[in-house]
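Colleague: need a structure here:
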Amino acid sequence: MRERAISAVVIAVIVIVVFLLGQPWLTFGIVALTALAAWEVFRMLPAAGFPVQPLPGVVLPPLLTLALGLEILDSGWVALYIALVLVVLAIDAFRRSEVRDGFLAWMGGSFGALYPAM
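Modeller: The predicted structure follows:
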């Protein structure tokens, strides 16, 4: 519990500083928080029974956040991002010899790559 409280204080300070600096630092700060959230999700998924690997799922949410935050892409590209996540993680799931593990890896990885990007 103490570790979580310390983490919350550190993240709150970082968010306030980055918010006060404005763009593009605000986008970079949100990308960093997205990367931390993705890493945390992919740390918890194996404990929940999903046989996932951190890559490529940890990389995808920060990329979407960066592209949307710097206005490289508009919001119409989000549907393409979702399709890309589902296809890339399905291809990754085909590496599993057990069908059940492949399906769980695909579903857990898809959740892990989409949830932090929201």
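
Colleague: dump the residue contacts of Tyr81.
Modeller: When contacts are counted by Cβ atoms under 8 Å, 6 or more residues apart in numbering, Tyr81 touches Leu60, Leu64, Ala117. Quick note: C-beta positions are derived from backbone N, CA and C, even for glycine.

Colleague: Phi and psi next, for the first one.
Modeller: Which is Leu60. Dihedral pair for Leu60: phi -70, psi -50, per degrees, to the nearest 10.

Colleague: do the last one as well
Modeller: Backbone dihedrals for Ala117, given as degrees, to the nearest 10, come out at phi -80, psi -10.

Colleague: How many residues are close by it?
Modeller: 19 (other Cβ atoms under 10 Å).

Colleague: pLDDT score for the nearest residue in space to it that is not next to it in sequence?
Modeller: Once flanking residues are discounted, Ala117 sits nearest to Pro61: 3.8 Å by Cβ to Cβ, 6 or more residues apart in numbering. Pro61 carries a pLDDT value of 88.
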